[in-house]
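Novice: Fold the following, please.
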Amino acid sequence: MKKHILPSSIMLLVIALDQWLKFWVKGSMDYMFNSRQLPQDIPMTGDWFHLHFVENNGMAFGLEMGGETGKLFLTIFRILAVGFGFWYLNRQLKNQAHTGFVVCVALIIAGAVGNIIDSVFYGLWFADVNSYQAGLFQGQVVDMLYFPVVETHYPSWFPFWGGEDFTFFSPVFNLADASISVGVVTLVLFQNLFFRKPKEEELEGPDIAAESPTEP
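Specialist: Sure thing, here's the model as predicted:
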């Protein structure tokens, strides 16, 4: 059981922090997404880090799938993927997988669980404050981390978008999204280390080609 302590601790910590921040945002930042009042925004560190409260029906960084059917499909897919993830993680622990690989898988699973909680339960838990009609499996994912590090505009000669505003980094995300992204990127960057096979030991022994002594 000791080998399960590290990934379990990581998952519990990420899920707890993710949900704590989402509950704080839902309870403290009034949200009405309409023509008169935009999502509430709180600058945190200069102009490059904001708490910017938005909610979405879909995937990480505000990507969406159309309608209630698409959302239900996405939520069910997430639940099945997480179930497979737990099975796979347990198998890798039994096979003595690299610690770094185990940490990455734990981060990905934790992030997925964090967003599943929003999708499954927030339509019920926050029914009295939601600006949308929802129910079980129809909750919206809460996003709030916004890093507009560079705010400028495309030069006038730039094709298609010449003169338009440009922001880097523009997506609004949450801790669960960040956990998934860190896990995936780290897996890609260090895959040679995580999946390195042990070198085959060279066989040592007498030279097969050695000739036996001949009689005079």
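Novice: Could you use CA atoms for every contact and neighbour count after this?
Specialist: OK.
Novice: Distance check, the nearest residue in space to residue 119 that is not next to it in sequence against residue 41.
Specialist: In space, and not counting its chain neighbours, residue 119 is closest to residue 139: 4.3 Å by C-alpha to C-alpha, 6 or more residues apart in numbering. Distance of residue 139 to residue 41, given as C-alpha to C-alpha, to the nearest Å: 22 Å.
Novice: Could you check which of those two is surrounded by more residues?
Specialist: Taking neighbours as other C-alpha atoms under 10 Å, residue 139 and residue 41 compare with residue 139 leading, 31 against 16.
Novice: List the residues that contact the more buried one.
Specialist: Listed by C-alpha atoms under 8 Å, 6 or more residues apart in numbering, the contact partners of residue 139 are 57, 118, 119, 120, 121, 122, 123, 124.
Novice: Most neighbours of all these, which one?
Specialist: Neighbour tally across the contacts of residue 139 (other C-alpha under 10 Å): the maximum, 28 neighbours, falls on residue 119.
Novice: for this protein, where's the lowest mean pLDDT among helices and strands?
Specialist: When the helices and strands of the chain are compared on mean pLDDT, DSSP states H and E, strand 165-168 comes out lowest with a mean of 72.
Novice: quick one: buried residues of that one?
Specialist: By 16 or more other C-alpha atoms under 10 Å, strand 165-168 has no buried positions at all.
Novice: hmm, back to that, quick check: the residue nearest to residue 119 vs residue 133, distance?
Specialist: Counting by C-alpha to C-alpha - residue 139 and residue 133 are separated by 9 Å.
Novice: what do these two both touch?
Specialist: Counting by C-alpha under 8 Å, 6+ apart, the contacts common to residue 139 and residue 133 are residue 123.
Novice: Bridge partners for residue 54, pull those for me.
Specialist: Listed beta-bridge partners, residue 54: residue 143 (assigned using DSSP bridges).
Novice: No further queries at this time; thank you.
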